[in-house]
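K.L.:
with the input below, show me the fold.
(one chain, ligands or ions: 1)
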Amino acid sequence: MKATKYRPYILRNYNDLPQLNALADEEREAIGVVGQVLPFKSNNYVVEQLIDWNDVPDDPIFTLTFPRKEMLSKANYRAVKRLLDEKDELGLKRKVCEIRMRLNPNPAGQKRNVPTVKGVKFHGMQHKYRETVLFFPSQGQTCHAYCTFCFRWPQFSGMNELKFAMKEADLLHKYLLKHPAVTDVLFTGGDPLTVNASVLASYIEPLLNKEFNHVRTIRIGTKTLAYWPYRFLTDKDADELITLFEKVKKAGKHLAFQAHFNHPVELRTDAVKKAIERIENSGAQIRTQSPLLRKINNDACIWADMWREQVNLGLIPYYMFVVRDTGARAFFEVSLERAWNVFRRAYRSVSGVCRTVRGPSMSANPGKIQVLGITEVKGEKVFVLRFLQCRNPNLVDIPFFAKYDGKATWFDQLEPAFGETEFFFERGNLIGKNGRDEEVSWE
Ligand SMILES: *Cc1c(COP(=O)(O)O)cnc(C)c1O
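P.N.:
Predicted structure coming up:
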């Protein structure tokens, strides 16, 4: 296969794209305005092979990487545009910063769950659930293209203090040695597969030694398969990367890809199919996840097709998420009721092999909360919920109820059902201060 050179399209050069002539002037302008606030990056693979330019701006993959006017409020859009027109750099910087801070850059306590060892905080790591540690390689705080809905957007927009980056693999390894309950290390970012193979190996290979026997699964959270499959095919260190995956398998451990796919179109190119085949041949398994997004995949047929095509390619459908309360959320969000309806209509239309998927799930402060459904109990309409993951593992899988609210889009808008004043997990400090303020410590 001939190598394809990676070409990013960002604020500086997107105007060179001839494809953008398909847009109205206003839509073109919006890329430059909204792109000041929300990070913008697309690339030649996305532009040439995923986007259907006959269908812009409504094309789902266009909406997935190119900013659109409605992603900012009207007032914010006008303000940014005016400062741009006036070439008021300082004013623009200030305004952009102010808008970003109001877009809830740090949802669901991401800055919490940062472990402490001997009084020193390890930024670059999160340990929210007992078995699983998240690690953010400092070189991997970028992606091959940026999703407009992404909740990690502050990491790409120069809001440096929000970066979790951790320089030394050494700290990760020391932490894991002290925590034998950890079975899974999840490399995330950004996208850890923007890091070159030898750096990645310096994090992963030590974990294959006997002293890390408790670490059974190495997970890689990545959008690279969907946005740059050549990473596994023709990039300079593609072979070295595949060899690293093989080493994990040979050491008797599981290499699990948590791959982001938001639309079935991302599964249909020759390049992605070949990349999937190569990864699978290395012994790794690929699980898939995506949030439900208005204007991108807000339709049961899209999800059913996506899950079917994934299983057909050997992938395992894993999570459907509710879009997080950050960034351009207002543009993408759907009600929890709608999310459940999309999920169940898709779920009931596929066979059992696709029903490994769970959702719709909200990654909220206390944990991952799944909407099991809407029903009526003694005349009261309620949401039935459960924890798929919880900071307190004893609370997982216990059904609980919230008052029905057809407009609610996130857990914090829900109230307990049956006139109760608290959810069951808020009683008796089961999670710790309602799961909101507590630093988690698994010491
Ligand atoms: C989802 C998630 C994980 C992984 O959870 P699994 O259910 O085991 O896939 C780990 N850490 C955080 C913070 C998460 O949100």
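
K.L.:
how distant is the helix or strand hosting K368 from the center of its chain?
P.N.:
Using DSSP states H and E, K368 sits within strand 367-377. Per C-alpha atoms, centre = their mean, to the nearest Å, the displacement of strand 367-377 from the mean C-alpha position of its chain is 22 Å.

K.L.:
quick check: angle from the helix or strand that it is followed by to strand 367-377?
P.N.:
Next in sequence after strand 367-377, counting helices and strands by DSSP H and E, comes strand 380-390. Angle, strand 380-390 to strand 367-377, by axes from the mean of the first three to the mean of the last three C-alpha atoms, to 10 degrees: 160 degrees.

K.L.:
so what's V334 closest to, chain neighbours aside?
P.N.:
Nearest residue to V334, sequence neighbours excluded (C-beta to C-beta, 6 or more residues apart in numbering): R294, at 5.3 Å. For the C-beta atoms, the positions are set from N, CA and C on the backbone; glycine is no exception.

K.L.:
hey, what's the residue of the stretch 151-300 of the chain found nearest the ligand bridged with?
P.N.:
Taking C-beta to the nearest ligand atom as the measure, the stretch 151-300 of the chain has L186 as its residue closest to the ligand, at 5.7 Å. In this structure, L186 bridges to L134, R219 when assessed by DSSP bridges.

K.L.:
what is the burial count for it?
P.N.:
19 (other C-beta atoms under 10 Å).

K.L.:
do you know the pLDDT at it?
P.N.:
Per-residue pLDDT puts L186 at 97.

K.L.:
again with Q110
P.N.:
At Q110, pLDDT is 63.

K.L.:
could you shift the numbering so residue one becomes 166, and keep it that way?
P.N.:
New numbering, starting at 166: the last item is Q275.

K.L.:
okay, now S455: neighbour count?
P.N.:
26.

K.L.:
so it belongs to a helix, correct?
P.N.:
No. Counting by DSSP: H, G, I helix; E, B strand; the rest coil, S455 is not part of a helix but strand.

K.L.:
roughly how far does the nearest residue to it once chain neighbours are set aside sit from S322?
P.N.:
Computed as C-beta to C-beta, 6+ apart, the closest residue to S455 that is not its neighbour in sequence is N427, at 4.6 Å. Remark: distance between N427 and S322 (C-beta to C-beta, to the nearest Å) = 20 Å.

K.L.:
and the two? Which one has more around it.
P.N.:
Between N427 and S322, counted using other C-beta under 10 Å, N427 has the larger neighbour count: 24 against 20.

K.L.:
I figured that one hits K460, correct?
P.N.:
No. Using C-beta atoms under 8 Å, N427 makes no contact with K460, being 11.1 Å away.

K.L.:
quick one: contacts for the residue of the stretch 316-465 of the chain closest to the ligand?
P.N.:
T297, V298, L299, F300, R384, I385, G386, Q423 (C-beta atoms under 8 Å, 6 or more residues apart in numbering).

K.L.:
same thing but 7 Å
P.N.:
T297, V298, L299, F300, R384, G386 (C-beta atoms under 7 Å, 6 or more residues apart in numbering).

K.L.:
can you list the residues you listed in a markdown table and add neighbour count, distance to A240 and pLDDT?
P.N.:
Converted to a markdown table, the contacts of L351 look like this (neighbours: other C-beta atoms under 10 Å; distance: C-beta to C-beta, whole Å; pLDDT from 0 to 100):
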| residue | neighbour count | distance to A240 | pLDDT |
| --- | --- | --- | --- |
| T297 | 17 | 40 | 96 |
| V298 | 27 | 41 | 95 |
| L299 | 20 | 36 | 94 |
| F300 | 25 | 39 | 93 |
| R384 | 21 | 41 | 98 |
| G386 | 21 | 35 | 97 |
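
K.L.:
next one, pLDDT for W607 please.
P.N.:
Value for W607, per-residue pLDDT: 47.

K.L.:
which secondary structure element contains E191?
P.N.:
Counting by DSSP H and E, E191 is part of helix 190-202.

K.L.:
tell me the mean pLDDT for that helix?
P.N.:
96.

K.L.:
mind listing what's buried in that helix?
P.N.:
Using 16 or more other C-beta atoms under 10 Å as the test for burial, helix 190-202 gives E192, R193, A195, I196, G197, V198, V199, G200, Q201, V202.

K.L.:
same question, stretch 492-504
P.N.:
G492, A493, R494, F496, F497, E498, V499, S500, L501, E502, R503, A504.

K.L.:
look up phi and psi at the second one.
P.N.:
Meaning A493. phi -80, psi 30 (degrees, to the nearest 10).

K.L.:
repeat that for the fifth one.
P.N.:
With angles defined as degrees, to the nearest 10, F497 sits at phi -100, psi -20.

K.L.:
now it: how far from T389?
P.N.:
22 Å.

K.L.:
what's the answer for the second one, then?
P.N.:
Computed as C-beta to C-beta, the A493 to T389 distance reads 22 Å.

K.L.:
same question, the first one
P.N.:
Computed as C-beta to C-beta, the G492 to T389 distance reads 21 Å.

K.L.:
can you map out the strands along the stretch 366-515 of the chain?
P.N.:
Ranges of strands in the stretch 366-515 of the chain, per DSSP state E, counting those that start in this stretch, are 382-387, 419-425, 450-457, 481-487.

K.L.:
including distance to A273, could those strands go into TSV?
P.N.:
Shown next, in TSV, are the strands of the stretch 366-515 of the chain (distance: least, C-beta to C-beta, whole Å):
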stretch	distance to A273
strand 382-387	16
strand 419-425	17
strand 450-457	13
strand 481-487	11
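
K.L.:
would a markdown table of those with distance to the ligand be doable?
P.N.:
Formatted as a markdown table, those follow (distance: least, C-beta to the nearest ligand atom, whole Å):
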| stretch | distance to the ligand |
| --- | --- |
| strand 382-387 | 8 |
| strand 419-425 | 7 |
| strand 450-457 | 8 |
| strand 481-487 | 7 |
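
K.L.:
would you mind listing what in the stretch 416-565 of the chain touches the ligand?
P.N.:
Taking C-beta under 6 Å from any ligand atom as the criterion, the stretch 416-565 of the chain approaches the ligand at residues S528, K533, Q554.

K.L.:
who wins for most neighbours among those?
P.N.:
Neighbour tally across these (other C-beta under 10 Å): the maximum, 22 neighbours, falls on K533.

K.L.:
picking up where we left off before, and the residue nearest to V499, how many neighbours?
P.N.:
Using other C-beta under 10 Å, the number of residues around R459 comes to 16.

K.L.:
could you list the low-pLDDT ranges of this structure?
P.N.:
Low-confidence segments of the chain (pLDDT under 70): 274-277, 282-285, 323-333, 597-608.
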